[in-house]
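Visitor: Here is the input, now give the coordinates:
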Amino acid sequence: MAGRGGSGGRAGSPAGAARAIAALSDPPHYTAGPNPSAAEFAARTNDHSNDHENDRASAKTKPRAYDRAPFASDVSEGRGDPLYNAHGYHTKIPPRAIVRYLVHYTRPGDLVYDGFCGSGMTGVAAQLCGAPDEELRAAVERERRAAGRDAPEWGERRAFLSDLSPAATFIADSFNRAVSEWQPAALAAECAAVESEVEAALGWMFETRHDARASGRIIHTLWSDVFACPACAGEIVYWHAAVDRAAGAIRARFACPSCSASLAKRDLVRAWDDVDDRALGRRVRLARVVPIEITYEANGRRFTKAPDAADRALLDRVRAFAPEPHPTAAIPDGDKSGDAFSAGIRHVHHLFTARNLAVLAALWSRLRPRGLGWLVTGIMQRASKQHQVAVSRVGGPRARDGGKTAGHRRGTLYIPSNQIEFNALELFRERARAVAKACGRRARRENVMIETCSAARSSLPDASVDYVFVDPPFGGNIQYSELNQVWEAWLGVTTRADDEAVINQTRKRDLAQYRLLMEACFKDFHRVLKPGRFMTLVFHSSSSAVWNALHEALLAAGFALADVRTLDKVIETHTQRTSAGAVQKDLVITAVRPRQIAAGRARAAALASGTVEEAWRFVQRRLRRLPLADDERQGFLLYDRMVAFHLRRGRTVPLGAPAFYAGLQARFRERGRRYFLPGQIE
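Guide: Next up, the predicted model:
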């Protein structure tokens, strides 16, 4: 395969009108399709000529032979960086963690490629290498000394980013522009001006009466689903019937307030409202919800109250208000669509209350032309009906002032029965402050280029990349195209899901097809990577079948596995917190493109079969060697090590996470979430 790798015209490119695609693009830095400047970008010499330290010294030296060994260390990095938290994309790797891999595998000016770029953290990390803060610089240098490695070569790397989703590349471009172009004071002033304008037009939607002399500003409102009793057809407000505020919990069973029948939630019949949808020009049927409690500020203090007649009149006035133009795209059938359909939500604008939709539309119309539309997409999840409330023991929902809401369920379109409606203007003010803290880090935008297309058809030339860092889809864990459709409806450009490398029942995409798609992507990574160079692949799955499909795809593409480690992002996802069969850390797989391609192809033979007995013998040996107080005795870490053991040896993974955790309970002794051999307990 030669040249640009056969992008095939629009194959793998997003769907949308030419005008919308052009409006989304900012060539040559970012295109909402294959980037025609990719070959020119890749051909730029590694002149190391920017102003960062040791760049000029590096430019004077002759190119050295590439002699890196695999990065053989586990990495732990939290998500506290304000730039990382500036947007709630579904999955992100902290850029400060990626910096560790970049300074190990590359030199300043080298070309790094991420074909599943998501929100663009690899590009941010490439820029941070040229402008590390003192904490990051000290941490990396300390870690390298402890591992017996040379001091890092600081200086920007060049990053080429690609993703199938236009929402992802739009966010990635915005993140990388924040690093290189926006200055904190200018950004803060721009956002403040827009906020003031929207506040003047729509602030009345968030007013509530405090007392006879003063009004308050609504911070958030608690809403609850309404059901009907199957025994008497009486109305049941779920919050009032099911929430035990004294215990801070949801009751598994509760009494009907009309007939006292003992009920569980699964017994209830949903109540519906037929409402006029002005945007669609017809009536729609939506699940009935009612406001329960308002949290507001007045006279510099925060209060809660039950909605009164004036509050209900305000909501009627809001529903009659005509907001600025906004998307009304239908939500297509999908593996996650049923989560929204169960509440009657079949169009993207139904995911928001009337007043938050009005605020988002007003912010979007003002910020998108300024290049700041991503700040609006960044608050959409928290501003939607997906945000569920945690019940506190002291009464009332736990909100931003006194604790935490339960957040929205990442990876779903789930609409909870108890929802928090945040004031979207407050969310925007908070997000703008966070971004202003993170931007302006003396980087150069021309060192990052982005395209939107399939990872199997990159626009990069053959053997042009010095290092690949990717975080691909984990089987069927996250349905990116289904979740991104909310953001993409606002952009007017959508993902072509036929090229998406996921397992999806609705689209009849099974494990075998997923493996073939991943193999095609890995083959293109192999094509663009220079011989003898490395690819780092971050992955996790609770399914042994998905692990084996990934392993087979890597070998079939011509890669050789060199090492397997862990990456700890510190904060757990909702699935990791709540699922007994979930995995808590990502594995970091190091693969290399062999210098002799034929040798690499020879390794693509069928994997040897791993056995259950061998897996448990490995666990026994590991428990025998580990210190008794070592955290590595925790179940999810033992699972990670078991998977890594089989990957390193070219064998299939014989156990998925649920079976592995059940086997730990049956075969070993547990104390304090750690596992021991029988004799070790005494």
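
Visitor: alpha carbons only for contacts and neighbour counts from here, please
Guide: Noted.

Visitor: low-scoring stretches of the protein, by residue?
Guide: For the chain, applying pLDDT under 70 flags the ranges 1-12, 45-64, 78-80, 392-406, 441-443, 569-584, 597-606.

Visitor: care to break it down by domain?
Guide: 15-180+440-600, 185-437, 607-682 (automatic domain parsing).

Visitor: which other helices and strands contact the strand ranked longest in the chain?
Guide: Counting residues, the longest strand found in the chain (DSSP state E) is strand 215-228. Contact partners of strand 215-228 among helices and strands, from 3 or more Cα pairs under 8 Å, 6 or more residues apart in numbering; DSSP states H and E: strand 207-209, strand 235-237, helix 238-242, strand 269-270, strand 289-298, strand 418-422.

Visitor: can I get those in JSON lines with distance to residue 513 and mean neighbour count?
Guide: Shown next, in JSON lines, are the helices and strands packed on strand 215-228 (distance: least, Cα to Cα, whole Å; neighbours: other Cα atoms under 10 Å):
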{"stretch": "strand 207-209", "distance to residue 513": "53", "mean neighbour count": "19"}
{"stretch": "strand 235-237", "distance to residue 513": "45", "mean neighbour count": "20"}
{"stretch": "helix 238-242", "distance to residue 513": "43", "mean neighbour count": "19"}
{"stretch": "strand 269-270", "distance to residue 513": "38", "mean neighbour count": "16"}
{"stretch": "strand 289-298", "distance to residue 513": "41", "mean neighbour count": "20"}
{"stretch": "strand 418-422", "distance to residue 513": "38", "mean neighbour count": "27"}
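
Visitor: closest to residue 438 out of these?
Guide: strand 418-422 (23.8 Å; Cα to Cα).

Visitor: which helices and strands does the next helix-or-strand element following the closest one pack with?
Guide: Where DSSP states H and E defines the elements, the next helix or strand beyond strand 418-422 is helix 424-438. Here helix 424-438 touches helix 166-180, helix 184-202, helix 354-367, helix 373-377, helix 380-383, going by 3+ Cα pairs under 8 Å, 6+ apart.

Visitor: Run the chain-centre distance for helix 424-438.
Guide: Here helix 424-438 is found 19 Å from its chain centre; the criterion is Cα atoms, centre = their mean, to the nearest Å.

Visitor: Quick check: buried residues in that helix?
Guide: Using 16 or more other Cα atoms under 10 Å as the test for burial, helix 424-438 gives 424, 425, 427, 428, 431, 432, 433, 434, 435, 436, 437, 438.

Visitor: which one of the domains of the chain is the most hemmed in?
Guide: Each of the domains of the chain was scored by mean neighbour count; the highest is domain 15-180+440-600, a mean of 20, by mean count of other Cα atoms under 10 Å.

Visitor: which outside residues touch stretch 502-511?
Guide: 333-335, 473-476, 478-479, 513-514, 546, 549 (Cα atoms under 8 Å, 6 or more residues apart in numbering).

Visitor: Quick one: end-to-end length of it, please.
Guide: Stretch 502-511 has an end-to-end distance of 8 Å (criterion: Cα to Cα, to the nearest Å).

Visitor: That one: how far from the chain's middle?
Guide: The chain centre lies 20 Å from the centre of stretch 502-511; the measure is Cα atoms, centre = their mean.

Visitor: let's number from 26 now, not from 1
Guide: Got it, first residue is 26 now, which makes that one stretch 527-536.

Visitor: can the helices and strands packed on helix 449-463 go into TSV with extra columns for distance to residue 552?
Guide: Shown next, in TSV, are the helices and strands packed on helix 449-463 (distance: least, Cα to Cα, whole Å):
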stretch	distance to residue 552
helix 191-205	22
helix 209-227	40
helix 379-392	40
helix 398-402	33
helix 405-408	38
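
Visitor: about what we covered before: partners of the longest strand of the chain, with directions?
Guide: Here strand 240-253 is paired, per DSSP bridges, with strand 232-234 (antiparallel), strand 260-262 (antiparallel), strand 294-295 (antiparallel), strand 314-323 (antiparallel), strand 443-447 (antiparallel).

Visitor: right, and the ones you listed - which one's nearest residue 147?
Guide: strand 443-447 (31.5 Å).

Visitor: chain center to that closest one, what's the gap?
Guide: Using Cα atoms, centre = their mean, the offset of strand 443-447 from its chain centre is 21 Å.

Visitor: same question, stretch 477-492
Guide: Offset of stretch 477-492 from its chain centre (Cα atoms, centre = their mean): 23 Å.

Visitor: Same check on stretch 347-364?
Guide: 20 Å.

Visitor: Stretch 580-590 now?
Guide: 25 Å.

Visitor: likewise stretch 317-324?
Guide: Distance, centroid of stretch 317-324 to centroid of chain: 32 Å (Cα atoms, centre = their mean).

Visitor: Now tell me what touches that stretch from outside.
Guide: So stretch 317-324 is contacted by 233, 235, 239-249, 264, 327-332, 421 (Cα under 8 Å, 6+ apart).

Visitor: Only the C-alpha atoms, please, for the strand or helix carrying residue 44, written as PDB.
Guide: Secondary-structure assignment from DSSP H and E places residue 44 in helix 43-49. Listed next in PDB are the C-alpha coordinates belonging to helix 43-49 (Å, rounded to 0.1, in the frame of the first residue of the first chain):
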ATOM      1  CA  ALA A  43     -20.900  20.200   2.400                       C
ATOM      2  CA  ARG A  44     -21.600  23.600   4.000                       C
ATOM      3  CA  ALA A  45     -21.800  22.000   7.500                       C
ATOM      4  CA  ILE A  46     -18.500  20.100   6.900                       C
ATOM      5  CA  ALA A  47     -16.800  23.200   5.700                       C
ATOM      6  CA  ALA A  48     -18.100  25.200   8.600                       C
ATOM      7  CA  LEU A  49     -16.700  22.600  11.000                       C
END
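
Visitor: Now the element after it, going C-ward?
Guide: Next in line after helix 43-49, if elements are assigned by DSSP H and E, sits helix 63-68.

Visitor: elements contacting that following helix?
Guide: Checking 3+ Cα pairs under 8 Å, 6+ apart, helix 63-68 ends up next to no helix or strand.

Visitor: what's next to it, contact-wise?
Guide: For helix 63-68, the external contacting residues (Cα under 8 Å, 6+ apart) are 29, 136, 474, 484, 485, 486, 489, 490.

Visitor: wait, which of the residues you listed is closest to residue 121?
Guide: residue 136 (18.1 Å).

Visitor: one step back: so which of the contacts of helix 63-68 belong to strands?
Guide: Within the contacts of helix 63-68, residues falling in strands by DSSP E are 136, 474.

Visitor: Please list all residues in contact with residue 297.
Guide: Contacts for residue 297 were tallied using Cα under 8 Å, 6+ apart; they are 310, 311, 312, 313.

Visitor: let's see 6 Å
Guide: Going by Cα atoms under 6 Å, 6 or more residues apart in numbering, residue 297 touches 311, 312, 313.

Visitor: Pipe those residues into JSON lines and attach distance to residue 398 per row.
Guide: Formatted as JSON lines, the contacts of residue 297 follow (distance: Cα to Cα, whole Å):
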{"residue": "311", "distance to residue 398": "29"}
{"residue": "312", "distance to residue 398": "30"}
{"residue": "313", "distance to residue 398": "32"}
